[in-house]
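Q: Here is my input, please return the structure:
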Amino acid sequence: MSREHHERTATVAAVILAGGASSRLGGTDKTRLPIAGASALERVLRAAPVGRRIVVGPSGEDGDALAERHGARFVLEDPPRSGPLAALARGVAEFSEGADGETVLVLGGDMPMLRPETLTRLAARSVERGTVTALESSDGTVQFLGAAWPLGRLRAALAAIAHPGGGWADLSLRRLYGQLGEGELVTLPPTGAEGADIDTPDALAQVRRAAGPRIALAQIAVSEDVEETFGIVRDAVAEAAEEGAHLVLLPEATLTPFGTDLRAAALAHHERFAQLVQELAERHELVVVAGSFTPTDDGRVHNTVIVRGPGWDPHLDYRKIHLFDAFGADESRTVAPGTELVTFELEGTRFGIATCYDVRFPEQFTALAERGAQAILLPLAWKEGPGKREQLQLLLRARALDATVALLAADQASPPDYTGDAARGIGRSAAVGPLGAIRQELGPEPGMLLVDLDLEEIEAARAALPVLRHHVELPRA
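A: Next up is the predicted model:
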């Protein structure tokens, strides 16, 4: 299952400085400190949206695994422990064949909250303006190890400050940035904790508070053949686990697509599907959230989202509250509505659940946030139609903004040959920030988005826009 970012990268490479032990952290290698289930260095490697990554620093016990998993190469500065500028120069030397007009990301291995969409934006801005484009640090200064450089300009700046006898030992990165003239440096403000590094115990504690779980949004094609769908689900969960996800979200109606006999599928396959989801959660040690259908006493079904995790008891089910009797559809004819909101906690983050048509009802999202939800999971089987793609994007952004939550939506992939009237998805799964910005988005084809939640971003959004505190229940007519 291929992954696609909201913006295409303009970079050719990334140099990641991972320089060993930190005296302020008791001699610990800060790049190997665990942050929400992965080392700081692995989180940086995940975020760098490029095919070629050079890590300058000791490979350590995990180096071979990191290199294989992320297409990285480890090198050491010469002589060792000569300082960050010498390490950067050693990394740049690995791109001897690169043209001066290409772009390279210069990153710190101790910046675990970097985001792929931000690094893509840094690179794109650098290409667009022909400048060095750097992220601002948490205190508003330039983050030297969170920047995109034109490769030729980086080579020239390094050459200009090298020691007369050669080399860059004991030279600071500030000297490098001091080579830039007026207008050669552009900065972008950080979001949440992404500008933070972990140089001190306080900074480490701050990052660990901010680092939420990794969520995989699996945009899959749902087949009318349940066995085929089960195989697709197995593959999607396995891929999410391989990518380090704590939770994988599958679409609405993963059990069987709309336009089929929902009750027959619920009676014949729901229990087996729920068992499969539980087994996959146990095997891969992550939470699986998926759309199914469960039979009701009145001959209909509930449109049910099941939540299963390793060792979880009781199991959680959310029954879709708002039924899609719109745009010519008549969901309530075969589906009974639910009445209960559902939230749950994972890795220090509270999640709420809604389903597809629920997204048109802002009070549900506000109510989930008032129950503590910092992120809302939204499985979809969005119906194709004129203007429906634009409506989906607008609604996702609005609901995130209404409730100041991270909104994580997984739709069914658009079926290329489907000509029926039932909702079968349009793709466009997305991760939306708490102020309504689309962070990542897929196209119509099958794919997977990986989202590392930043709880500091949500906290800052709620401080800046306290709509939850200002919310007033208005009298109904």
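
Q: pLDDT weak spots in the stretch 301-450 of the chain?
A: For the stretch 301-450 of the chain, the stretches with pLDDT under 70 are 314.

Q: Could you check how far the top helix by length along the chain is from the centre of its chain?
A: What stands out as the longest helix in the chain, according to DSSP state H, is helix 262-284. Going by Cα atoms, centre = their mean, to the nearest Å, the spacing between the C-alpha centre of helix 262-284 and its chain's C-alpha centre is 26 Å.

Q: helices and strands around the helix or strand following that helix, which ones?
A: Toward the C-terminal end, the helix or strand that comes next after helix 262-284 (DSSP states H and E) is strand 287-295. Where contact means 3 or more Cβ pairs under 8 Å, 6 or more residues apart in numbering; DSSP states H and E, strand 287-295 is packed against strand 247-249, helix 262-284, strand 301-308, strand 375-380. (C-beta placed from N, C-alpha, C; glycine too.)

Q: Could I get the average pLDDT for the shortest one?
A: In other words, strand 247-249. Strand 247-249 shows an average pLDDT of 98 in the prediction.

Q: helices or strands up against it?
A: In this structure, strand 247-249 packs against strand 211-219, helix 226-242, strand 287-295, with contacts taken as 3+ Cβ pairs under 8 Å, 6+ apart.

Q: Mean neighbour count, these: which tops it?
A: The highest average neighbour count among the helices and strands packed on strand 247-249, using mean count of other Cβ atoms under 10 Å, belongs to strand 211-219 at a mean of 27.

Q: elements contacting it?
A: When contacts are defined as 3+ Cβ pairs under 8 Å, 6+ apart, strand 211-219 sits against helix 226-242, strand 247-249, strand 375-380, strand 406-411, strand 430-432, strand 447-454.

Q: which residues sit against the first one?
A: When contacts are taken as Cβ atoms under 8 Å, 6 or more residues apart in numbering, the neighbours of helix 226-242 outside the stretch itself are 1, 216, 218, 220-223, 248, 250, 254-256, 265, 269, 273, 276-277, 280-281, 284-286, 288, 290, 448.

Q: quick one: D297 and V342, what's the gap?
A: Taking Cβ to Cβ, to the nearest Å as the measure, D297 and V342 are separated by 21 Å.

Q: bridging residues for the closest residue in space to A266 that isn't next to it in sequence?
A: Sequence neighbours aside, F293 is the residue nearest to A266 in space, at 4.1 Å (criterion: Cβ to Cβ, 6 or more residues apart in numbering). Per DSSP bridges, residues listed as beta-bridge partners of F293: N303.

Q: these two touch, right, F293 and V305?
A: No. Here F293 does not reach V305: they are 10.4 Å apart, not a contact under Cβ atoms under 8 Å.

Q: Could you list which residues are in contact with A400?
A: With Cβ under 8 Å, 6+ apart as the criterion, the residues that contact A400 are I376, A406, L407, V432, G433, P434, L435, G436.

Q: Just the buried residues of these.
A: I376, A406, L407, V432, G433, P434, L435, G436 (16 or more other Cβ atoms under 10 Å).

Q: from memory the fourth one sits against D402, does it?
A: No. Look at V432 against D402 with Cβ under 8 Å: they stay out of range, at 11.3 Å.

Q: Please state the mean pLDDT value computed over stretch 68-85.
A: This predicted structure assigns stretch 68-85 an average pLDDT of 90.

Q: swap that for stretch 228-236, please
A: 98.

Q: picking that back up, between all of the buried ones among the contacts of A400, which two are separated the most?
A: Pairwise distances across these (Cβ to Cβ) peak at 14.6 Å, for the pair I376 and L435.

Q: Show residues contacting stretch 430-441.
A: 5-6, 115-117, 191, 215, 217, 393, 396-398, 400-401, 403-409, 428-429, 442, 449, 451, 457-458, 461-462, 464-465.

Q: rerun at 6 Å
A: Applying Cβ atoms under 6 Å, 6 or more residues apart in numbering, the external contacts of stretch 430-441 come out as 5-6, 117, 396-397, 400-401, 404-409, 449, 451, 458, 461.

Q: The closest residue to H302 other than its chain neighbours and R81: what is the separation?
A: Closest residue to H302 in three dimensions, ignoring its sequence neighbours and counting by Cβ to Cβ, 6+ apart: R319, at 4.3 Å. Taking Cβ to Cβ as the measure, R319 and R81 are separated by 60 Å.
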